[in-house]
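A.B. asks: below is the structure, and that's it, no one-letter string:
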Ligand code: TRP
């Protein structure tokens, strides 16, 4: 089977697909409000340190495992450690894909709805009135049918791209959408900076306020450095498995991380300059995107255009990420079960959509599963994946290399394609050990907080 396994068409295509996975709702929605609330540049500095140590090393680890085995996570771990329990790390990844995409698809549907509302000028009546915008948003997400319809459309897009294959679907659409995201964000950032008072947004985002940087901010920065580059469930193993042996994996990983970080900051600039220029509340947190921005854009001349640009780029960012999540599931059924791409994608796209329907309904639209573990079903899925499944998956990947596969084997694969760069195995060992230890501490901290009601730090 492996001789006709699909491959990326070019290095650029691979980097854009992998950064398409990385750049998502996490960059455009989560990073700006987290940085805004946790000390601005002080938070960004911590985040950069985390991404350089933990993020970069685990991205490289996943690329190496994928390229070496030319298989998606379950097969990859099985091939490198036959007849051991390590394949369960792969299964954990496939399970995480189900969990994450179920709620990610719901949010993708919300974004699609906001694209339509902004194109049709629907934000105009919300100008300068975040309360009204909040009501509109709440009415929509707690409705029974309409969020489900949008979610189904979002998932259908995702399935359609993947059915078209690695090169003809994922790579092709990443090459179109990633540059568009950057251009649209850059235009919005320039628009924001040239608004009277817009520069106050820049200082809010980039002045270090160390007094606002708490222990909790540090934990947040670490968790985010994981989520934002799609680590811990074998997304990057799967994308790495479509590579031939010509590429420099270190260099590719640096590109993905640099693009991911640059786009997060650009999003922060676009959002906060506009919010400050129009005197809206920058500390709004999670409601920033769906509540504050619609009321803010519609106050600008040409507001329909700016709002539409923003939600279209957010839609593309969400779509390229969702694609990478579904591809993990698709690749598992192709590699391990011999299914066709079309059958695997359509069947499991449908299953995940159905699970997502329950996430959507748990927002208040009907099915009464809101009291599950004291959280809505939507929040349960988010919580399980972000706090446990992804960190555990990432930590086990690092431990796998350190304790099972071995640094020498890892180095041998890493060095292919980077002949002129010297990298010492001692350094790789130290960095992977730090990454595993830091993530282990975060997981421990979370479990401790669950049991004792108070975290060790944060
Ligand atoms: N990185 C994406 C974001 O920032 C989300 C994402 C896509 C993801 N694939 C993933 C997160 C896999 C964890 C694992 O929105």
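C.D. replies: All right, it came through fine. For clarity, every value in this text was computed on a predicted model and none was experimentally measured.
A.B. asks: any idea how far the residue of the chain most remote from its centre is from residue 187?
C.D. replies: What lies farthest from the middle of the chain is residue 196; by C-alpha atoms, centre = their mean that is 32.8 Å. Counting by C-beta to C-beta, to the nearest Å, the gap between residue 196 and residue 187 amounts to 18 Å. Every residue, glycine included, has its C-beta placed from N, CA and C.
A.B. asks: secondary structure class for the closest residue to residue 348 other than its chain neighbours?
C.D. replies: In this structure, residue 348 finds its nearest non-sequential neighbour in residue 329, 4.8 Å apart by C-beta to C-beta, 6 or more residues apart in numbering. What DSSP: H, G, I helix; E, B strand; the rest coil gives for residue 329 is helix.
A.B. asks: so what's residue 329 up against?
C.D. replies: Shown in contact with residue 329 (C-beta atoms under 8 Å, 6 or more residues apart in numbering): 94, 97-98, 101, 344, 348, 352.
A.B. asks: which residue ranges of the stretch 151-300 of the chain form helices?
C.D. replies: For the stretch 151-300 of the chain, the helices defined by DSSP state H, counting those that start in this stretch occupy 172-193, 199-206, 215-227, 235-240, 249-277, 292-297.
A.B. asks: weakest of those by average pLDDT?
C.D. replies: Lowest mean pLDDT within the helices of the stretch 151-300 of the chain: helix 215-227, at a mean of 86.
A.B. asks: ok, residues contacting that helix?
C.D. replies: Under C-beta under 8 Å, 6+ apart, the answer for helix 215-227 is 26, 30-31, 34, 38-39, 42-43, 46-47, 50-51, 54-55, 58, 232, 386-387, 390-391, 394, 438-439, 442, 445, 455, 457-458.
A.B. asks: then stretch 240-259?
C.D. replies: Counting by C-beta under 8 Å, 6+ apart, 5-8, 11, 14-15, 18-19, 22-23, 51-52, 55-56, 59-60, 62-67, 69-72, 76, 166, 178, 229, 331, 414, 416-418, 421, 423 sit against stretch 240-259.
A.B. asks: if you count contacts, what does the helix or strand where residue 65 lies end up packed against?
C.D. replies: For residue 65, the host element (DSSP states H and E) is helix 56-69. On a contact count with 3 or more C-beta pairs under 8 Å, 6 or more residues apart in numbering; DSSP states H and E, helix 56-69 meets helix 73-80, helix 235-240, helix 249-277, helix 390-399, helix 407-415, helix 425-452.
A.B. asks: would TSV of the ones you listed with mean neighbour count and distance to the ligand be doable?
C.D. replies: Listed next are the helices and strands packed on helix 56-69 as TSV, based on neighbours: other C-beta atoms under 10 Å; distance: least, C-beta to the nearest ligand atom, whole Å:
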stretch	mean neighbour count	distance to the ligand
helix 73-80	24	11
helix 235-240	29	4
helix 249-277	23	8
helix 390-399	24	5
helix 407-415	16	22
helix 425-452	16	14
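A.B. asks: nearest to residue 182 among those helices would be which one?
C.D. replies: Among those, helix 249-277 comes nearest to residue 182, with 6.7 Å by C-beta to C-beta.
A.B. asks: okay, the angle between that closest one and helix 199-206?
C.D. replies: Between helix 249-277 and helix 199-206, the angle comes out at 140 degrees (axes from the mean of the first three to the mean of the last three C-alpha atoms, to 10 degrees).
A.B. asks: roughly how far does the residue nearest to residue 182 when sequence neighbours are not counted sit from residue 256?
C.D. replies: Nearest residue to residue 182, sequence neighbours excluded (C-beta to C-beta, 6+ apart): residue 263, at 6.7 Å. Between residue 263 and residue 256 the computed distance is 11 Å (C-beta to C-beta).
A.B. asks: go on, residue 18?
C.D. replies: Distance from residue 18 to residue 256, by C-beta to C-beta: 5 Å.
A.B. asks: circling back to that earlier point, ok, and the closest non-adjacent residue to the residue farthest from the centre of the chain?
C.D. replies: Nearest-residue entry for residue 196: residue 277, 6.3 Å, with adjacent residues in sequence omitted and distances by C-beta to C-beta, 6+ apart.
A.B. asks: could you do residue 50 as well?
C.D. replies: residue 225 (3.8 Å).
A.B. asks: got the residues of the protein near the ligand?
C.D. replies: 21-22, 24-27, 100, 227-228, 230, 232-233, 235, 321, 324-325, 390 (C-beta under 6 Å from any ligand atom).
A.B. asks: secondary structure element holding the spatially closest residue to residue 286 that is not a sequence neighbour?
C.D. replies: Nearest residue to residue 286, sequence neighbours excluded (C-beta to C-beta, 6+ apart): residue 33, at 6.6 Å. Secondary-structure element containing residue 33, defined by DSSP H and E: helix 31-37.
A.B. asks: just give me how far that helix sits from the chain centre.
C.D. replies: Computed by C-alpha atoms, centre = their mean, to the nearest Å, the chain-centroid distance of helix 31-37 equals 16 Å.
A.B. asks: repeat that for stretch 34-47.
C.D. replies: Distance of stretch 34-47 from its chain centroid, counting by C-alpha atoms, centre = their mean, is 18 Å.
A.B. asks: check stretch 136-147 too.
C.D. replies: Centre to centre, stretch against its chain (C-alpha atoms, centre = their mean), the figure for stretch 136-147 is 24 Å.
A.B. asks: returning to what we had before: from what I can see the residue nearest to residue 182 touches residue 27, true?
C.D. replies: Yes: applying C-beta atoms under 8 Å, one finds residue 263 in contact with residue 27, separated by 5.3 Å.
A.B. asks: report pLDDT for residue 357.
C.D. replies: Reading off the model, residue 357 has pLDDT 93.
A.B. asks: how about low-confidence regions in the stretch 301-450 of the chain?
C.D. replies: 366-373 (pLDDT under 70).
A.B. asks: name the residue of it that lies nearest to the ligand.
C.D. replies: Scanning the stretch 301-450 of the chain for the residue nearest the ligand gives residue 321, at 3.8 Å (criterion: C-beta to the nearest ligand atom).
A.B. asks: hmm, that residue is touching residue 21, no?
C.D. replies: Yes: look at residue 321 against residue 21 with C-beta under 8 Å: they come within range, at 5.6 Å.
A.B. asks: for those two, list the residues in contact with both.
C.D. replies: Here residue 321 and residue 21 have residue 230 as joint contacts, going by C-beta under 8 Å, 6+ apart.
A.B. asks: check the secondary structure at residue 423 for me.
C.D. replies: Going by three-state DSSP: residue 423 is coil.
A.B. asks: next one: it from residue 265, what distance?
C.D. replies: Distance of residue 423 to residue 265, computed by C-beta to C-beta: 28 Å.
A.B. asks: same question, residue 374
C.D. replies: Distance from residue 374 to residue 265, counting by C-beta to C-beta: 36 Å.
A.B. asks: so which of the helices of the stretch 151-300 of the chain gets nearest residue 429?
C.D. replies: Nearest of these (C-beta to C-beta): helix 249-277, 15.4 Å.
A.B. asks: and the closest one, how far from the chain's centre?
C.D. replies: Using C-alpha atoms, centre = their mean, the offset of helix 249-277 from its chain centre is 13 Å.
A.B. asks: and if you look at stretch 239-248?
C.D. replies: Using C-alpha atoms, centre = their mean, the offset of stretch 239-248 from its chain centre is 21 Å.
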